[in-house]
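Trainee: turn this into a structure:
(one chain, ligands or ions: 3)
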Amino acid sequence: MGSSGFSWKLADHPKLPKGKTIAMIVLDGWGEANPDQYNCIHVAQTPTMDSLKEGAPEKWRLVRAHGKAVGLPTEDDMGNSEVGHNALGAGRIYAQGAKLVDLALESGKIYDGEGFKYIKECFNIGTLHLIGLLSDGGVHSRLDQLQLLLKGASERGAKRIRVHILTDGRDVLDGSSVGFVETLEEDLKALRAKGIDAQIASGGGRMYVTMDRYENDWSVVKRGWDAQVLGEAPYKFKSAIEAVTTLRAEPKANDQYLPPFVIVDDSGKPVGPIVDGDSVVTINFRADRMTMLAKALEYEDFDKFDRVRVPKIKYAGMLQYDGELKLPNKYLVSPPEIERTSGEYLVHNGVRTFACRVNSKHLIFCRVLPNNHLLFNSETVKFGHVTFFWNGNRSGYFKEEMEEYVEIPSDSGITFNVQPKMKALEIGEKARDAILSRKFDQVRVNIPNSDMVGHTGDIDATVVACKAADEAVKMILDAIEQVGGIYVVTADHGNAEDMVKRNKKGEPLLDKAGKIQILTSHTLQPVPIAIGGPGLTPGVRFRNDVPEGGLANVAATVMNLHGYEAPSDYETTLIEVADN
Ligand SMILES: O=C(O)[C@@H](CO)OP(=O)(O)O
Ligand SMILES: [Mn+2]
Ligand SMILES: [Mn+2]
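Mentor: Ligands and ions are numbered 1, 2, ... in the order given. Sure, this is the predicted structure:
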């Protein structure tokens, strides 16, 4: 016990034993929805997940994975990996980035903070650059927040502003980029009418330009750097509207993958490269897909690609993206202070964790918890989900000597409808082997298929993806069966269970050409959670007095299954032990 009286020690659960191997499986983007032809999980053959649902009603239920249950501003906000895994790992509901930025803008506190004061230092001599995702998706950023920031910065002295846009099509409908650019252009025009030199300077699709994550493919960030900082790109246009409409007219064009472009003046010169004396704000509040750019902008020592020219700038993130690395150093809004996560508790209660590397570049996250619990991750595209997000947006170890990271390299440079099985088999095998080794008490995995392929909007491929995810679950459950363990299967938010935009009555919406509008985004649907396995103490079942249960209730549940009571401030457990 520390001098403050705080203790990491968890109380023993009065009825549940320690020492069982637990597989903690997170299916990414796997929600529950009405069965129809746009529900890929329903269409796909998913015998394992079906059997969990049909087999034991007291061991299968739905939990909330969107809106206020995961700390988002409204019930219209779909869930996402960051808030979902934060809730799963932290066991409590934190006001998330989207909400914190809303509050800071509403109260005006954003302008009183150290971060804004820092970027303001350039306003007399330099340009303010705003870089980020242009949509109202609310997963990584929101257009209305950008609009307020533009207004606020210009009212506080910014005289020259350049916006570097990343088109979405992943959290919003494909093709919506044009409308968002039009809205932004209106705002910039209004600013110009007030004498502020404000323009869009560059752009590109989020999955092809800038917003890579977990160091899967640095060339994505480089393309953005070249356009945003150096003013160089394969496409040059006089305006952003011209850029997106022209690039979208290409066959198979897609907002997520638009090529990089720069806006040039009449003499062909880029209107807004980033130069010495400028300020930069990355306007995304979500961390994972801004971290790589933040490193490129902030780090003196940087060898991921040739930056060619490194301007001396004042840089701030909308939020601090990595609490461990303190990256970036300056930010406009403080991130949620997610502390005392379930993983950290378990380490502090624990025996040992260890680290093993598959090779220097690619790792699978494994973490050994009390009595050798192994937390094991995913392939690169979801690498940080059950580590970085799970641990409250911390990239490091809690105790390095007790933790193990391994990562299966994802395919890069492809859209995942081309490889819908992704690395599900490999993830399943690694998890199986870890369980069968009997060295670990927890094996934690994220199976990405239904989400990553669902985001492509390719329904046939998403069906294949769901089947592959189900097969991976089976491999892990079979291993749990062999070692007498326990499984917890859940998901972080919906995606593949609904692939079409619907009207209020739930009917598919058609576009002007009479075609259904494919939904590439996450959904507002609840997600399943199932528990079971031969190691589950008889009588353990879901309580029926937590009807509003959400992802944040899972941490206490898992702590119980490890034989511990959860800390008193955690959201309540979903399970009880019935007396036989
Ligand atoms: O790919 C992403 O960045 C988001 C969607 O914007 O998906 P997820 O939250 O599942 O990671
Ligand atoms: Mn997800
Ligand atoms: Mn997703």
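Trainee: alpha carbons only for contacts and neighbour counts from here, please
Mentor: OK.
Trainee: residue 475 contacts residue 430, doesn't it?
Mentor: No: the pair residue 475 / residue 430 is not scored as a contact, 9.9 Å apart, by CA atoms under 8 Å.
Trainee: residue in the stretch 201-350 of the chain nearest to ligand 2?
Mentor: With CA to the ion, the shortest gap between the stretch 201-350 of the chain and ligand 2 falls at residue 288, namely 11.7 Å.
Trainee: residue 162 bridge partners, please.
Mentor: Counting by DSSP bridges, residue 162 forms beta bridges with residue 129, residue 199.
Trainee: wait, what's in contact with it?
Mentor: Applying CA atoms under 8 Å, 6 or more residues apart in numbering to residue 162 gives the contacts 127-130, 198-201, 272.
Trainee: residue 96 now?
Mentor: Applying CA under 8 Å, 6+ apart, the residues near residue 96 are 70-72, 83, 335-336.
Trainee: mind checking pLDDT for the residue lying closest to residue 338 once chain neighbours are set aside?
Mentor: In space, and not counting its chain neighbours, residue 338 is closest to residue 392: 5.1 Å by CA to CA, 6 or more residues apart in numbering. For residue 392, the pLDDT comes out at 88.
Trainee: before we move on, what about the one 10 residues further on?
Mentor: At residue 402, the model reports a pLDDT of 59.
Trainee: swap in residue 12?
Mentor: On the pLDDT scale, residue 12 gets 96.
Trainee: circling back to that earlier point, quick one: which of the contacts of residue 162 is nearest residue 446?
Mentor: Lowest distance from residue 446 to those (CA to CA) belongs to residue 130, with 32.8 Å.
Trainee: can you tell me the SS state at the residue in the stretch 451-580 of the chain that ligand 1 sits nearest to?
Mentor: Among the residues of the stretch 451-580 of the chain, residue 451 lies closest to ligand 1, at 6.0 Å counting by CA to the nearest ligand atom. Assigned state for residue 451: helix (three-state reduction, DSSP: H, G, I helix; E, B strand; the rest coil).
Trainee: secondary structure element holding residue 419?
Mentor: In the assignment (DSSP states H and E), residue 419 maps to no helix and no strand.
Trainee: what packs against the helix or strand where residue 146 lies?
Mentor: Assessed by DSSP H and E, residue 146 sits inside helix 143-155. Applying 3 or more CA pairs under 8 Å, 6 or more residues apart in numbering; DSSP states H and E, one finds that helix 143-155 contacts helix 97-107, helix 177-193.
Trainee: what about 10 Å?
Mentor: helix 97-107, helix 114-120, strand 128-134, strand 160-167, helix 177-193, strand 197-205 (3 or more CA pairs under 10 Å, 6 or more residues apart in numbering; DSSP states H and E).
Trainee: can you give me the buried ones in the longest one?
Mentor: Neighbour-count burial for helix 177-193, with 16 or more other CA atoms under 10 Å as criterion, is recorded at 177-178, 180-181, 184-185, 187-189, 191.
Trainee: for it, name the packing helices and strands.
Mentor: strand 128-134, helix 143-155, strand 160-167, strand 197-205, helix 240-248.
Trainee: number of residues surrounding the residue in the stretch 351-500 of the chain positioned nearest to ligand 2?
Mentor: Ranked by CA to the ion, the top residue of the stretch 351-500 of the chain for proximity to ligand 2 is residue 492, at 5.5 Å. Here the number of neighbours of residue 492 (other CA atoms under 10 Å) works out to 32.
Trainee: need the nearest residue in space to it, chain neighbours excluded.
Mentor: Here the residue nearest residue 492, using CA to CA, 6+ apart, is residue 84, at 4.8 Å.
Trainee: what's the helix or strand containing the one you found packed up against?
Mentor: Assignment of secondary structure by DSSP H and E places residue 84 within helix 81-90. Under the contact criterion of 3+ CA pairs under 10 Å, 6+ apart, helix 81-90 touches helix 342-348, strand 486-491, helix 554-561.
Trainee: in terms of mean pLDDT, which of the ones you listed ranks lowest?
Mentor: The bottom spot among the helices and strands packed on helix 81-90, by mean pLDDT, belongs to helix 342-348, with a mean of 87.
Trainee: the helix holding residue 84 to helix 554-561, inter-axis angle?
Mentor: Helix 81-90 runs at 30 degrees relative to helix 554-561, counting by axes from the mean of the first three to the mean of the last three CA atoms, to 10 degrees.
Trainee: now helix 81-90: buried residues?
Mentor: 81-90.
Trainee: where does the stretch 351-500 of the chain have low pLDDT?
Mentor: Scanning the stretch 351-500 of the chain for pLDDT under 70 picks out the ranges 351-383, 400-406.
Trainee: then the chain?
Mentor: Using pLDDT under 70, the chain drops low at 1-4, 350-383, 400-406, 580.
Trainee: count of neighbours near the nearest residue in space to residue 539 that is not next to it in sequence?
Mentor: Excluding the flanking residues, the one nearest residue 539 by CA to CA, 6+ apart is residue 578, at 4.6 Å. The number of residues packed around residue 578, counting by other CA under 10 Å, is 12.
Trainee: wait, what's in contact with residue 578?
Mentor: Counting by CA atoms under 10 Å, 6 or more residues apart in numbering, residue 578 touches 537-543.
Trainee: filter those down to the buried ones.
Mentor: By 16+ other CA under 10 Å, the contacts of residue 578 give 537, 540-543 as buried.
Trainee: narrow those to those in strands?
Mentor: Per DSSP state E, strands hold the following members of the buried ones among the contacts of residue 578: 540-542.
Trainee: between those residues, which is nearest ligand 2?
Mentor: So of these, ranked by how close each gets to ligand 2 (CA to the ion), first place is residue 542, at 24.3 Å.
Trainee: so how far is residue 25 from the nearest residue to that closest one once chain neighbours are set aside?
Mentor: Closest residue to residue 542 apart from its sequence neighbours, by CA to CA, 6+ apart: residue 575 at 4.4 Å. Applying CA to CA, to the nearest Å, the value for residue 575 to residue 25 is 17 Å.
Trainee: next, the contact list for residue 154, please.
Mentor: Contacts here follow CA under 10 Å, 6+ apart; on that basis residue 154 touches 123, 128, 148, 160-161, 191, 194-198.
Trainee: that one and residue 201: what is the separation?
Mentor: From residue 154 to residue 201 the distance is 17 Å (CA to CA).
Trainee: surely the residue of the stretch 451-580 of the chain closest to ligand 1 meets residue 494?
Mentor: Yes: using CA atoms under 10 Å, residue 451 is in contact with residue 494, at 8.0 Å.
Trainee: any shared contact partners between those two?
Mentor: Between them, residue 451 and residue 494 share the contacting residues 27-30, 80, 521-522, judged by CA under 10 Å, 6+ apart.
Trainee: next step: those residues restricted to strands.
Mentor: Those of the shared contacts of residue 451 and residue 494 lying in strands (DSSP E): residue 27.
Trainee: out of the shared contacts of residue 451 and residue 494, which is most surrounded?
Mentor: Each of the shared contacts of residue 451 and residue 494 was scored by neighbours using other CA under 10 Å; the highest score is residue 30's, at 32 neighbours.
Trainee: so that residue sits against residue 526, correct?
Mentor: Yes: contact status for residue 30 versus residue 526: in contact at 8.9 Å, counting by CA under 10 Å.
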